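Undergrad: okay, here's the prediction I keep looking at, along with the sequence it came from:
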Amino acid sequence: MPKSLVIVESPAKAKTINKYLGRDYVVKASMGHVKDLPKSKLGVDLENDFEPTLTTIRGKAKVIKELREAAKKVERIYLATDLDREGEAIASHLADILEAKDKETFRVTFNEITKTAIQEAFRDPGHVDRNKVDAQMARRILDRLVGYLVSPLLWKVITYGTSAGRVQTVALRLICEREAEIEAFKPEEYWSIDATYEGDAGQAFTAAVKEVDGEKADISDEKTARTVGERIRTGEHQVLAVEKKSRRRRAQAPFITSTLQQDASRRLGFSTKKTMMLAQQLYEGIDIGGEEGTAGLITYMRTDSVRISELAQGQAREFVTEKWGEEYLPEKPNEYKTKGKAQEAHEAIRPTEVSLTPDRVRDSLSKDQARLYELVWQRFLASQMAPAVVDQTGVDILAKAPGAPDDPKQGVKLRATGSIIRFPGHLAAYTSDKKKADDEGKVLPPIEEGEKLRLVDPGVVEEQHFTQPPPRYSEASLVKTMEEEGIGRPSTYSAIISTLDARKYVERITGRFQPTELGKTVLRVLLRGFPDIFETKFTARMEEELDRIEAGDDPWVRVIGDFYGPFRVDLDKVEAGADDLKKELEEKTDKVCEKCGSPMIIKWGRNGRFLACTGYPECRNTAPVDGVQETDEVCEECGAQMVVKEGRFGRFLACSKYPDCRYTKSIGLGVKCPKPGCGGEIVPRRAKKSGRTFYGCNKYPDCDFVTWDRPVDSQCENCGNPYMVEKVRSSGSVLRCPECKAESVAA
């Protein structure tokens, strides 16, 4: 009989750890959180030092019963949840629900799931860190206060289902402010002039105009561009100066959570959510066959530390020496400085074993797992390699009138640049910036100072340009900005972006975020009522306060109290002026009611914006804001064209001859039927007796799949179920797995 019980979060993690512990241990999974604030009410006692009410998560009774039964049969209990604040909170809640005060209970943490790390962790167990638990609870209470107290105001002012989030709203603000910059941007004309030359070496190269008569070239119209271009065409050309220098490019630090998300987005096209799901799988363990069996392939993926252990550095140096040679090694291992207040007890994201090369494990991984693992492996290896040496050359050329003196103030100055990688160093393993790599491949021919040059085809090219507005945020650039501004923490970025998507506050245009009218309106209302809380610096300062709680420098009750006082004042003001604020959101139009002739205005309702008659309640006429959206489909009953309409249960297709023809048809959710081999699509349907909406396969009656919860095209990170279901809470959307009941809690 085992003497010790080990509890982790997921079955995959349990399976991997179980092989490293002997018969004296039994490993069980808690399937994530077991306790949380209640869903149906605030769960925070505002009159009693913000005391939280934690309840058992619905659907976890069976898991808890199994854990309690297992705990009765052992002498010791080890809580081996993740090593961040959330993992610490789960460990604390597990200790509470086990009701095993007569048992020795320890806390063990490890940065990687390998035999060495696991055995070392169990040799020196500790106890639950109350400061970490308090910091996590403070975050949950802050988010709960904002979500549960502000969201009902949005329902009253805008529409039911809208939500406010302490951090999500600030991310939305970044997106909306960038959109405002784009809308206000006025393009300005400018011209570039390039000339193609050939010297004694007989090799063509291109130079760009930099100065005209000693002044920086600022060419803003075609006339000036043609004049300068003609001066180059008719002039003499001579090399003024040749500048050669050698630069050393140091390797980038290994990945932390945010930089992994950014590079995976830029290079692989992965969303932050997908990146974290795949990283979780690589961390918890993959069966790679052979002697290794199931093994964790990367270290813990929620980290903001760039520290690397001496053991890992040693492995990397041995591998680099064997593969590329000693000249690719720095004299001593590379060290990197962590920004801000990172957890230096953590490590950067790296492979657990450098010898497990991407080629060696590729056949055991899915295509996307293999691509992400290769990214982590290459970046880590490069971080421990010698700097690259790049030879750069700059050539200044003077185009002057025939016979004129060599005076840059009396001619057109052009510059050509080129470089060559003399020693690749870390670039042999990993190149993160493709544009920079391409630029470093441009090599100039041998050129000497004073050398005469001649124009060759295509000669001088004048090209018109216009300044461009700042680009909309991609997932990578949004994550980068949130990290730089101190908004949220790396582990929350994925949930923040998922929530903005789920609430339909943003839409993606060619992979970049554009705020919807709903998103802009929600932000407008929130900034009007709570100008301080949803401000970037305030949000960053709250993260620092949470760090102080974790460090034991501040009690969590004081931090929450300092936040709640001003927040309550703003809340009362918004509640008092909610009706006036709702009135302000109404927009006048030049349209008139077709029934009574009164002006029409734009209002917000449960299905979004719509046109409403100002003669209400005598006239109840309404219409879509953007008119009717036509489709190519025809009505199966009368043959008329089908149009898209918005209803209580979302969008649907309806006959354009309504009310003469009442035929309707559901629009699919974009989620494939999970039944093996079906190939159908999930559509919303309505129950005949109760009128409730449920979701079923469009191949009914051949396929009988049904569910009462709205399916979402998202794989469960815990058990791999192909779809999640959307649970709408007052604080935002929650995605829940219908199989294992694991939830993705919105930030």
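TA: Cool, got the structure.

Undergrad: for residue 351, what are phi and psi?
TA: Backbone torsions for residue 351, taken as degrees, to the nearest 10, come to phi -70, psi 140.

Undergrad: what separates the residue nearest to it when sequence neighbours are not counted from residue 157, distance-wise?
TA: Nearest non-adjacent residue to residue 351, counting by CB to CB, 6 or more residues apart in numbering: residue 377, 4.8 Å away. (Each C-beta comes from the backbone N, C-alpha and C, glycine too.) Relative to residue 157, residue 377 is positioned 51 Å away (CB to CB, to the nearest Å).

Undergrad: out of these two, which sits in the more crowded spot?
TA: The residue with more neighbours, out of residue 377 and residue 157 and counting by other CB atoms under 10 Å, is residue 157; that gives 25 against 22.

Undergrad: state the distance from the more buried one to residue 612.
TA: Going from residue 157 to residue 612 by CB to CB gives 16 Å.

Undergrad: so who does the residue most central in space within the chain touch?
TA: In the chain, the centroid-proximal residue (CA atoms, centre = their mean) is residue 272; its distance is 3.8 Å. By CB atoms under 8 Å, 6 or more residues apart in numbering, residue 272 lies in contact with 261, 265, 475, 479, 493, 494, 497.

Undergrad: kindly recompute the last result at 6 Å.
TA: Neighbouring residues of residue 272 by CB atoms under 6 Å, 6 or more residues apart in numbering: 261, 475, 493, 494, 497.

Undergrad: can you get me a residue count around the third one?
TA: Per other CB under 10 Å, the neighbour tally for residue 493 reads 27.

Undergrad: any idea how far residue 639 is from residue 658?
TA: 14 Å.

Undergrad: now the helices: where do they sit in the stretch 451-600 of the chain?
TA: 475-485, 490-502, 517-529, 536-550, 556-576, 578-584 (DSSP state H, counting those that start in this stretch).

Undergrad: now do residue 606 against residue 321, distance only.
TA: 66 Å.

Undergrad: residue contacts, residue 270?
TA: By CB under 6 Å, 6+ apart, the neighbours of residue 270 are residue 264.

Undergrad: just to revisit the earlier point, thought the residue nearest to residue 351 was touching residue 353?
TA: No. With contact defined as CB atoms under 6 Å, residue 377 does not reach residue 353; the gap is 9.9 Å.

Undergrad: ok, residue 320 - contacts?
TA: 328, 329, 385.

Undergrad: on the three-state scheme, the last one is what?
TA: Spelled out, that is residue 385. coil (DSSP: H, G, I helix; E, B strand; the rest coil).

Undergrad: any idea of the pLDDT on the residue nearest to residue 707 when sequence neighbours are not counted?
TA: Closest residue to residue 707 apart from its sequence neighbours, by CB to CB, 6+ apart: residue 695 at 5.2 Å. Here the pLDDT value assigned to residue 695 is 87.

Undergrad: which SSE is residue 695 in?
TA: According to DSSP states H and E, residue 695 maps onto strand 693-697.

Undergrad: how near is residue 65 to residue 669?
TA: Residue 65 is 35 Å from residue 669, where distance means CB to CB.

Undergrad: wait, residue 682
TA: 5 Å.

Undergrad: looking at these two, which is more packed in?
TA: Set residue 682 next to residue 669 and count neighbours by other CB under 10 Å: residue 682 wins out with 25 against 18.

Undergrad: quick one: residues contacting the more buried one.
TA: Residue 682 makes contacts with 669, 671, 695, 711, as judged by CB under 6 Å, 6+ apart.

Undergrad: now render the residues you listed as a markdown table, adding distance to residue 724 and secondary structure.
TA: Formatted as a markdown table, the contacts of residue 682 follow (distance: CB to CB, whole Å; DSSP: H, G, I helix; E, B strand; the rest coil):
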| residue | distance to residue 724 | secondary structure |
| --- | --- | --- |
| 669 | 12 | coil |
| 671 | 9 | coil |
| 695 | 13 | strand |
| 711 | 7 | strand |
